[in-house]
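Enquirer: my questions are about this predicted structure, shown below with the sequence.
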Amino acid sequence: MRHAKRCSWLLVVLLFALVVSVAYAQDVPVIGAQNCAEPGNLTMWVWDENWARVIGSAIDVWSEKYCPGATVDLQVQPWQQYWDLLKTNVAGGNMPDVFNVSQDRFFFYASNDALLDLQTYFDEAGVDTSVWGSGMIDPYRWGDNGDLYAAPVNWDTIVIFYNKDIFDAAGISYPSEKWDWYGFAAAAAALTNAEQDIYGAAVYSEYQSGYPNWIASTGIPPIVGPGRTQCTLTETSSLDALNFLKDLYDNGYMPSVSIMGGASADDAFNFWLAGKLAMVSAGSWKLPTALEEATFNWDVVRLPRNPETGRTRSIVHSVGYVASANTPNPDLAANLIVYLSSDEGQRFFAEAGGVAPANPAVQQIWVDSFGDTEVNIQAFIDATEDSQGVTVFDEIWDKINTELVVNVFDLGVSVEQAAQDACDFINTQLSAVR
């Protein structure tokens, strides 16, 4: 009897603790907004007018609630002009206080000591930076201690879009979260139908959507290492991943670049929309297009797991908020960045629709923005957990996006030769940017 009472009492305690923990989780933000120490004036640059409207609304609330008297001169600089002006201003030391930067552009500004180290400000604000996921923030780390120099704004990840009608016609079960490379290869073979000009898959096109995801799942950063000091394409793991894909191509399970009409991720995705592919790797930015234009039944699933590491790793790209190292108001700039990345500040992005907010507290709002659909949108969010951020940079895009892809998946060049040719060029560029 006493034992039964103790069990009942323990159950009550556990239930109470659960209720309290749930309530606490609801009340305590993932990233909280902070009052500024002192108001002042800031300049901020963005490259998109829609973003300017969203960020402008967030700034209005920040200055009203958390930093009365602060002003922000928010300016829109068109995309190409944006980067040209920033590079010019790095040399002249006249940069905006706060601005957006993409992962592929970060290295230039960090290596030129142009950015404010935000790590101390995140620590003081109690921000657990791990909530963003390694892929979103690792490319924004710099220095001997790996300090974080940016707060992520948004993200996009890669999954497999698959045509359920083609699977049904072939009598193949739909892929699950547990599938691996071998299961993917078997499905690609079974789904290929030469008589109907249907290919099992196309998963190699371009950097973010294509072959680097497979390299990342081996555990090695694809193309360029995290310190931007070496090309990794000739590493054994990279070659193994590329040869796995090359074998699928050589066996006729994947179309050539010429058959798809181009080497871009858009070409591959359009080939899938045309009903010529059972599976294609593509980013979350293609979700609205698929929902609107696909004329067949379809769904998405995370990339297959590497059979040796057990990992499925998407290339994730995230735009970040950064501050100038020379800003006269570093505390204020950092305070604004913390607010814009907070639960409250990120709601403006989440509710505006479109890009997926980096803060996990408001990502369900992004999911709900697509309305009533049975598509597994959660797969895109799950893909951020063990992801690979972008470590490559603009000067090598053509070499890795087009030339390597065409060489291997159209011209019959061996993986080893194509990888060596790419690395020979990439290493010259790594030397130039250091």
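Expert: Structure's in. What do you need?
Enquirer: which residues touch V300?
Expert: By CB atoms under 8 Å, 6 or more residues apart in numbering, the contact set of V300 is 159-162, 287, 375-377, 379-380. (Each C-beta comes from the backbone N, C-alpha and C, glycine too.)
Enquirer: please convert these to CSV, extending it with pLDDT.
Expert: Converted to CSV, the contacts of V300 look like this (pLDDT from 0 to 100):
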residue, pLDDT
V159, 98
I160, 98
F161, 98
Y162, 98
L287, 95
V375, 97
N376, 97
I377, 96
A379, 97
F380, 97
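Enquirer: from D266, how far out is S209?
Expert: According to CB to CB, to the nearest Å, S209 and D266 sit 9 Å apart.
Enquirer: what about the residue lying closest to N329 once chain neighbours are set aside, neighbour count?
Expert: Nearest residue to N329, sequence neighbours excluded (CB to CB, 6 or more residues apart in numbering): G40, at 4.5 Å. G40: 19 surrounding residues under other CB atoms under 10 Å.
Enquirer: over to Q77?
Expert: Neighbour count for Q77, taken as other CB under 10 Å: 17.
Enquirer: excluding chain neighbours, what is closest to it?
Expert: In space, Q77 is closest to W45, 5.5 Å off (CB to CB, 6+ apart).
Enquirer: check G283 too.
Expert: The shortest distance from G283 to any non-neighbouring residue, by CB to CB, 6+ apart, is to D156 (4.9 Å).
Enquirer: tell me what the one you found is bridged to.
Expert: For D156, the beta-bridge partners are H317 (DSSP bridges).
Enquirer: just list the residues touching it, thanks.
Expert: 208, 283-285, 316-317, 355-356, 380.
Enquirer: likewise for S102?
Expert: If you count contacts by CB under 8 Å, 6+ apart, S102 has them with 317, 319-320, 390.
Enquirer: please repeat the previous calculation with a cut-off of 7 Å.
Expert: S102 sits next to V319 when contact means CB atoms under 7 Å, 6 or more residues apart in numbering.
Enquirer: from D247, how far out is it?
Expert: 34 Å.
Enquirer: for the residue nearest to N329, report the pLDDT, please.
Expert: With respect to pLDDT, G40 has a value of 97.
Enquirer: show me the strands in the stretch 151-300 of the chain, by range?
Expert: 151-152, 154-155, 158-163, 199-202, 277-283, 298-301 (DSSP state E, counting those that start in this stretch).
Enquirer: typo on my end, the stretch 1-150 of the chain
Expert: Using DSSP E, counting those that start in this stretch, strands in the stretch 1-150 of the chain cover 41-46, 71-76, 98-102, 141-142, 147-148.
Enquirer: the second one pairs with which strands, and in what direction?
Expert: According to DSSP bridges, the neighbouring strands of strand 71-76, each with its direction, are strand 41-46 (parallel).
Enquirer: quick one, domains of this protein?
Expert: For the chain, the domain assignment from automatic domain parsing gives the residue ranges 41-155+318-368, 158-313+393-433.
Enquirer: distance between the ends of the first one?
Expert: Distance between the boundary residues of domain 41-155+318-368 (CA to CA, to the nearest Å) amounts to 36 Å.
Enquirer: so that it lines up with my notes, have the first residue be 20 from now on.
Expert: All set: I'll call the first residue 20, so the last point we hit is now domain 60-174+337-387.
Enquirer: one step back: just the buried ones from the contacts of V319, in PyMOL syntax?
Expert: Paste this into PyMOL to select the buried members of the contacts of V319, with burial taken from 16 or more other CB atoms under 10 Å:
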select buried, resi 178+179+180+181+306+394+396+398+399
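Enquirer: T392 should be in a strand, yeah?
Expert: No: using DSSP: H, G, I helix; E, B strand; the rest coil, the assignment for T392 is coil, not a strand.
Enquirer: which stretches of the stretch 20-169 of the chain have low pLDDT?
Expert: For the stretch 20-169 of the chain, residues meeting the criterion pLDDT under 70 lie at 20-47.
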